[in-house]
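> Dropping a prediction and its sequence here:
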Amino acid sequence: MISELLFMNGYGLYVWSAFAFTLFCFASLYAITKIQFVKEKKKFIAKYGALNPKRASFAKSQGTIKEILSNTSNI
Amino acid sequence: MIKYFEVNKIFSITSKAPKYVLILFIVVLTIGLIESLIFSPEDYKQSHSVRIMYVHVPAAWITLGIFSSITFLSTIGYIFKIKNFFLISKSLAPSGLIFNIIALVTGAIWGKPTWGTWWAWDARITSMLILALFYVMYLLAWRIYQNDDKVYKVTSLITIIGIINVPIIKYSVDWWNTLHQPASINILSKSTIHSSMLFPLMIMTAAFALFSLLIFLMKYNTELIKIKNKGLDRL
C-alpha cells in the first residue's frame, strides 16, 4: 500500500515532485509575505512610539492607525 | 457606494480575516491532498501521472483569473481614479505570479512522462510563459515607479496589453495543433472528466483560491501599513 503510494507505477517521482514544488512555493510566498508584514508593522510601531503625545493622539484619531494599533496580534 | 471602498473600513476587515482564512486553507488543502493523492483513481491512459492535474489545472485557472481581475481593477481604477483598486491589484499580483510559475513547472513535470519532453514551444505553453512575463513586468513597474503617479498609467497599460494574451491561452488548444490536450471541463457544454476526478480537482481549486485570498489579505495589510508609515513621516 505505502510502496504503491510512493512509486505509483513508476510515476511517483513526477507526481511527488510536482506536489512538493507546489507546497514549497506556497510556504515560500507565505514566509516572504509574512516577513514583509512584520517588518512594516515593526517600523510603524517604532515611528509611532517616537511621536510626541500631541502628534500621537492626532495620528491615533485616524481610523486605520487605530486599527493597526489595536490589532497587535500577528497574522 | 464609494464609501464602502474606504481604506479604514476595508482595513478593519482585512486585518482580522487572515487567521481564519489560513485555518480554512489548511483544512481544505489537507482534504484536497488526501483526495488527489490517495482516493482519486488512476487514468486508464496516463496512469498515476494524471494526479499532477490536481495542482497544474487549479494553478492555471487561478493565475488567469487573477490577471483578469488585475486588468479589470486597474482599468476601472484608472478611469474613475480609485487608488484603492490599484492597491488591491498590486496585492493580488504576487500570488498570480506564483500560480503561473506552478502551472509552468508542474506542466513541465507532467510533460516528461506524457510527451517525452520537459518543454515544447507549443502555443498553450508559450502563451502561459508570456503571461508570466507580463506578471513580472507588472511587479517590476511597481518597484521602478513606486513614488511616482506614473505607476498607475504604466501598470494599467501593462495589464491592458497583457489581457490580449488571456483568450489566446484559453483558445490556443482549439486554434492550433498543440501537444497540450484540449479542455476537459467546459462550463457551457458537457465536461469529459469523470466525477471521481472532478471532485478532488474542485477541492484543490478551492484550496488554491483560499491561498491566493490569504496572500492577498496579508499583502494588502502590508501595503496599507506602508502608506501609514509614509503618513507618519509627514507628521
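Perfect, thanks for sending it.
> residues in contact with B:Asn221?
Residues in contact with B:Asn221 (Cβ atoms under 8 Å, 6 or more residues apart in numbering or on different chains) are A:Phe37, A:Ile75, B:Phe11, B:Thr14, B:Ser15, B:Pro18. All C-beta atoms are positioned from the backbone trio N, CA, C, and that covers glycine.
> and if you look at B:Ala59?
Contacts for B:Ala59 (Cβ under 8 Å, 6+ apart) come out as A:Thr22, B:Phe99, B:Asn100, B:Ile102, B:Ala103, B:Thr106, B:Phe208.
> element containing the residue positioned nearest the centre of chain B, please.
Nearest to the mean C-alpha position of chain B, by Cα atoms, centre = their mean, lies B:Thr63 at 2.5 Å. Secondary structure assigned from DSSP states H and E places B:Thr63 in helix B:53-80.
> Surely A:Gly12 touches A:Ser3?
No - counting by Cβ atoms under 8 Å, A:Gly12 stays clear of A:Ser3, with 9.2 Å between them.
> quick one: which of these two has more around it?
A:Gly12 (17 against 8; other Cβ atoms under 10 Å in any protein chain shown).
> Report pLDDT for the more buried one.
A:Gly12 carries a pLDDT value of 93.
> Can you name the secondary structure element that comes next after the helix holding B:Thr63?
Using DSSP H and E, the next helix or strand after helix B:53-80 towards the C-terminus is helix B:83-115.
> okay, the very next helix or strand once past that following helix in PDB with CA atoms only?
Once the chain leaves helix B:83-115, the next helix or strand it forms, by DSSP H and E, is helix B:123-144. The C-alpha coordinates for helix B:123-144 follow below in PDB (Å, rounded to 0.1, in the frame of the first residue of the first chain):
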ATOM      1  CA  ALA B 123       1.000  27.600 -28.300                       C
ATOM      2  CA  ARG B 124      -0.500  26.900 -24.900                       C
ATOM      3  CA  ILE B 125       2.800  26.600 -23.000                       C
ATOM      4  CA  THR B 126       4.400  29.600 -24.800                       C
ATOM      5  CA  SER B 127       1.400  31.800 -24.100                       C
ATOM      6  CA  MET B 128       1.500  30.900 -20.400                       C
ATOM      7  CA  LEU B 129       5.200  31.800 -20.400                       C
ATOM      8  CA  ILE B 130       4.200  35.200 -21.900                       C
ATOM      9  CA  LEU B 131       1.700  35.700 -19.100                       C
ATOM     10  CA  ALA B 132       4.400  35.100 -16.600                       C
ATOM     11  CA  LEU B 133       6.500  37.800 -18.300                       C
ATOM     12  CA  PHE B 134       3.500  40.200 -18.000                       C
ATOM     13  CA  TYR B 135       3.300  39.500 -14.300                       C
ATOM     14  CA  VAL B 136       7.000  40.200 -13.900                       C
ATOM     15  CA  MET B 137       6.700  43.400 -15.900                       C
ATOM     16  CA  TYR B 138       3.700  44.500 -13.800                       C
ATOM     17  CA  LEU B 139       5.500  43.800 -10.500                       C
ATOM     18  CA  LEU B 140       8.700  45.500 -11.800                       C
ATOM     19  CA  ALA B 141       6.700  48.600 -12.800                       C
ATOM     20  CA  TRP B 142       5.500  48.900  -9.100                       C
ATOM     21  CA  ARG B 143       9.200  48.700  -8.000                       C
ATOM     22  CA  ILE B 144      10.500  51.100 -10.500                       C
END
